[in-house]
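Based on what follows, work out the 3D shape:
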Amino acid sequence: MRQKHFLGVDIGNTQTVIGLLTPQKVIETWRMGTNTKKSCDELAPVIAFWLKGKNLELHEIEGTVISSVVPPANQLWSELAEHYFLCPFVDAHDIARKIVQVDYPRPHEIGTDRLVNTIAAFEKLKRPCIVVDFGTATTFDCVSETGQYLGGAIAPGVNMSIGALFSGTSKLPLIRLEKASVNPIGKSTEEAIRSGILYGFAGMTDRIITELQGQYGQSPATVATGGLAPTIFPLSKKLEKLVPDLTMKGLKICMEVAFDL
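Prediction:
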């Protein structure tokens, strides 16, 4: 029997992550900048090129499931699914709400990525947990011992803070973060900014986790995900597990439910 392939699409404010999925696993992921001004005619050849590397054609995709925090991008991917992939298109928020019970006064306000992350984390750990997603914003999401979504906290993102330092001052440079170890005592302006950003975000992460853990009857697991998670994770004293592709794993679960796999 021919293997079924699907696309999972995580549309963030800064980056879009596209995953090639099967009912068994996440095969591969690709990243591109989120750009709502691109057309289907521009995006389709890029995706076709990636798929060709896996010996697949666009029309061999059986379905597309998206998690989006950028509403204008939804229509673009819907049209790609309809006209190029020739497959069904599913919004993961609708599916996630069927999978996870939500203890939240206005559940429609919850970012789809936050729900999808908690679904994947609970599926992996089978215990209460706190998911920290280091993306454009830094989000903290709490899951109960039964897998219920409880809410959480939102803080500025790492790159957002770097950009604010650069745009809000006259002399501070725009820096790039590096995965190499950082001396807390910076010996240049660039090193000082890296120290402040990295240790500052690690400290913020640990403090917020401490406060959130105090709301639990038992100690929850802590999981880090998102593009900048590998950079902050080694500096945190509270983060226990690093799962960079957690959102895509959650989209795979939504795919299984949506397409009855």
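
Residue 148: what's its closest spatial neighbour, skipping adjacent residues?
Leaving aside its sequence neighbours, residue 148 sits nearest to residue 101 (C-beta to C-beta, 6 or more residues apart in numbering; 4.6 Å). Where you see a C-beta, it was placed from the backbone N, CA and C, and this is true even at glycine.

Look at the one you found and say how many residues are nearby.
For residue 101, the count of nearby residues is 13 (other C-beta atoms under 10 Å).

Just give the number of residues close to the closest residue to residue 99 other than its chain neighbours.
Of all residues not flanking residue 99 in the chain, residue 119 sits nearest, at 5.5 Å (C-beta to C-beta, 6+ apart). Residue 119 has 28 neighbours, counted by other C-beta under 10 Å.

before we move on, back to that, quick check: the residue nearest to residue 148 vs residue 147, distance?
Distance check for residue 101 against residue 147: by C-beta to C-beta, to the nearest Å, it reads 7 Å.

same question, residue 96
12 Å.

which of the two has more neighbours?
Under the neighbour definition other C-beta under 10 Å, residue 96 and residue 147 were set side by side, and residue 96 has more, 27 against 19.

which residues touch that one?
112, 115-116, 119, 250, 254 (C-beta atoms under 8 Å, 6 or more residues apart in numbering).

Name the residues of the helix or strand where residue 192 lies that are buried.
Secondary structure assigned from DSSP states H and E places residue 192 in helix 189-213. For helix 189-213, a neighbour-count test (16 or more other C-beta atoms under 10 Å) marks 192-198, 201-202, 204-206, 208-209, 212-213 as buried.

Farthest pair within those?
Of all pairs drawn from those, the greatest distance, 31.2 Å, lies between 192 and 213 (C-beta to C-beta).

Residue 164: which of the buried residues of helix 189-213 is nearest?
Of these, the one sitting nearest to residue 164 (C-beta to C-beta) turns out to be residue 197, at 10.7 Å.

which residue sits farthest out from the middle of this protein?
The C-alpha centroid of the chain is most remote from residue 187, which lies 33.8 Å away (C-alpha atoms, centre = their mean).
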